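# the sequence and its predicted three-dimensional model are supplied below.
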Amino acid sequence: MNRHSTQHHIAVIGGGPAGLRAAEVAASAGARVTVFDAKLSVGRKFLIAGKGGLNLTHSDSPGQFASRYTGPDQPVGFWDEVLSEFGPVELRQWAAELGIETFQASSGRVYPTALKAAPLLRRWVERLRALGVGFEMNHRWTSLTPGPPCQLGFSSNLIVAADAVVLALGGASWPHTGSDGSWTRILEGLGIAVRPLVAANCGWECAWPAGMLDAAEGQPLKNVHVRAGDALAVGELLVTRYGLEGGAIYHLGSALRGMPQPAIAIDFKPAHSHAQLVAKMQSVRRDFLNEARVRWKLSAAAHAILARQSWADVDALAREAKHCVIVLSGPRPVAEAISSAGGICWSELDSNLMLRQLPGVFVAGEMIDWEAPTGGYLLQGCFATATRAAHGALASAGVSDSRPL
């Protein structure tokens, strides 16, 4: 039985940041909005992200920011457009309006001053309730019958009619938060083209030699340059029992997935040339690696990796320190990844992120086939696409929209 009337009703499926943002935009324009989520509360992945300080956005210039978003067949200029509508400046102002101060770190990343997600989420939900947004928790979305109005079915046997729908169910990473990717079967059943969801911003596996992990496991490789083919990442890596984690390898995920045999090349001393490293070892005649650890100031992890073989030649050791190739066997499971790649193909969406085959149904966030590195780009992408999708849903539902938000 339908519990809601259909006049200007917008249903938002998914209570993550993209869904909550879409609900906020739609409710602020006067629509009646209901958020449905399979879990007992909203923002579960958002709260987990907050354990790392909640990197909201980044201070990149507009053009540079837009270039961080990759994926096959993206419309030219799309990210420039949506970030001009709701970009880093607008996101920080939005947080300020919730009473959450933010700061820019030396890395360019932007965080709440409190470095926590819970206060922001709490105030955000309070604002949504004040706007009249309804919350239906513990309702897993199971079906959609195209409209108008659209008919939505849920595992609770609830049937809901809506003038417009915003789908914001996330990707397939961290499924315990609700982002399990099960929505792909529903949309594929409706004829929507969806690329498989795969791990992005994740660790990669490799076979470390016996004994190396005793010295290196859990140790960081800081300020390294890492290459995968022509792609370069600057940052840190962390040696794990199964391979490598860290921002540098996360950034290279797309390039690595495109390689027949994934491998990276690490420059442990990017501030020094090969010749400079050799010059620091001029008086050394033996025990090259241990001397290099001191003279080159190698970290424990770098020393352990270079010690995978013996060195009788300073020149060869310096070459290895500047270009240490590590063959990878594959990415960690998507359930462990910070985010996922793949999703709804861009060809299925119009400029307002409406599914062309399902009029009145819009999509936001990581359901769409884009990816971005960590550093604030993921959350910013969710907010920006949700803002665009919500404005499209308002127009589809017949709600006057002056786009103030």
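Perfect, I can see it now.
# neighbouring contacts of stretch 355-364?
18-19, 21-22, 144, 146-150, 162-168, 187, 190-192, 344, 348-350, 352-354, 382, 385-386, 388-390, 392-393, 396-397 (Cβ atoms under 8 Å, 6 or more residues apart in numbering). No exception for glycine: its C-beta is placed from N, CA and C like everyone else's.
# just the buried residues from the residues you listed, in PyMOL please.
To isolate the buried ones among these in PyMOL, judged by 16 or more other Cβ atoms under 10 Å, type:
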select buried, resi 18+19+21+22+144+147+149+150+162+163+164+165+166+167+168+187+192+344+348+349+353+354+382+385+386+388+389+390+392+393+396+397
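# tell me how the protein divides into domains.
Using automatic domain parsing, the domain ranges for the chain come out as 9-199+340-397, 204-331.
# please identify the most buried of the ones you listed.
domain 9-199+340-397 (a mean of 20; mean count of other Cβ atoms under 10 Å).
# please state the mean pLDDT value computed over that one.
For domain 9-199+340-397, mean pLDDT is 96.
# that one spans what distance, first to last residue?
7 Å (Cα to Cα, to the nearest Å).
# filter the contacts of stretch 355-364 down to just the ones in strands.
Among those, DSSP state E puts 144, 150, 162, 164-167, 344 in strands.
# out of those residues, which is nearest to residue 378?
Comparing those against residue 378 with Cβ to Cβ places residue 344 closest, at 16.8 Å.
# so how far is stretch 28-48 from its chain's centroid?
Its chain's C-alpha centre and that of stretch 28-48 lie 19 Å apart, by Cα atoms, centre = their mean, to the nearest Å.
# end to end, how far does it reach?
End residues of stretch 28-48 are separated by 27 Å (Cα to Cα).
# for residue 34, which non-adjacent residue is spatially closest?
residue 134 (4.3 Å; Cβ to Cβ, 6 or more residues apart in numbering).
# can you check residue 80 too?
Leaving aside its chain neighbours, residue 80 sits nearest to residue 66 (4.8 Å; criterion: Cβ to Cβ, 6+ apart).
# again, but for residue 101
residue 113 (4.3 Å).
# contacts only, for the one you found.
100-103.
# could you pull up phi and psi at it?
Torsion angles at residue 113 (phi, psi; degrees, to the nearest 10) stand at phi -60, psi -40.
# about what we covered before: want to throw the ones in strands among the contacts of stretch 355-364 into JSON lines with distance to residue 48?
Below are the ones in strands among the contacts of stretch 355-364 laid out as JSON lines (distance: Cβ to Cβ, whole Å):
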{"residue": "144", "distance to residue 48": "28"}
{"residue": "150", "distance to residue 48": "31"}
{"residue": "162", "distance to residue 48": "29"}
{"residue": "164", "distance to residue 48": "30"}
{"residue": "165", "distance to residue 48": "26"}
{"residue": "166", "distance to residue 48": "23"}
{"residue": "167", "distance to residue 48": "21"}
{"residue": "344", "distance to residue 48": "24"}
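# need the max-distance pair from those.
Among the ones in strands among the contacts of stretch 355-364, 162 and 344 lie farthest apart (Cβ to Cβ), at 19.1 Å.
# surely residue 13 touches residue 166?
Yes. The criterion here is Cβ atoms under 8 Å, and residue 13 meets it with residue 166 at 7.1 Å.
# now do the shared contacts for these two.
What both residue 13 and residue 166 touch, as defined by Cβ under 8 Å, 6+ apart, is the set residue 19.
# now do the helices in the stretch 201-350 of the chain.
212-216, 247-251, 253-257, 274-279, 288-295, 300-306, 314-322 (DSSP state H, counting those that start in this stretch).
# got it, and the stretch 51-200 of the chain?
62-67, 78-85, 88-97, 118-130, 183-189.
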